[in-house]
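Student: Pasting the sequence and the predicted coordinates here, then a few questions.
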Amino acid sequence: MLKLQLSQDVTLALKQPEGEPEMSMKQLQETCNNIMSAASCGSESGGS
C-alpha cells in the first residue's frame, strides 16, 4: 500500500496570505517537481 501511495504524483496545495503578490502556479509546480525529482534520484542511488 505504501509503495502505491509513494508512486502517485504529489498534490501541491497552497494558501496565499493576504497582501502577498501572486506567483505563477506553473512556476511553483515546476519548482516542486524539480525538488521531488532530485529527492527521488538521490534515494534511488542508495542514499548515504
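Tutor: Sure, I can see it.
Student: Now do the residue sitting nearest the centre point of the chain against L6, distance only.
Tutor: Note on the chain: the residue nearest the mean C-alpha position is C32, at 3.4 Å, using Cα atoms, centre = their mean. Applying Cβ to Cβ, to the nearest Å, the value for C32 to L6 is 16 Å. Quick note: C-beta positions are derived from backbone N, CA and C, even for glycine.
Student: Tell me the confidence at the residue nearest to the centre of the chain?
Tutor: As summarised for this prediction, C32 has a pLDDT of 83.
Student: For Q5, pull up the helix or strand it's in.
Tutor: According to DSSP states H and E, Q5 maps onto helix 2-7.
Student: Could the C-alpha coordinates of that helix be exported in PDB?
Tutor: Output of helix 2-7 as PDB, limited to C-alpha atoms (Å, rounded to 0.1, in the frame of the first residue of the first chain):
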ATOM      1  CA  LEU A   2       2.800   2.400   0.800                       C
ATOM      2  CA  LYS A   3       4.500   1.800  -2.500                       C
ATOM      3  CA  LEU A   4       1.300   2.600  -4.300                       C
ATOM      4  CA  GLN A   5       0.900   5.900  -2.300                       C
ATOM      5  CA  LEU A   6       4.500   6.900  -2.900                       C
ATOM      6  CA  SER A   7       4.300   6.200  -6.700                       C
END
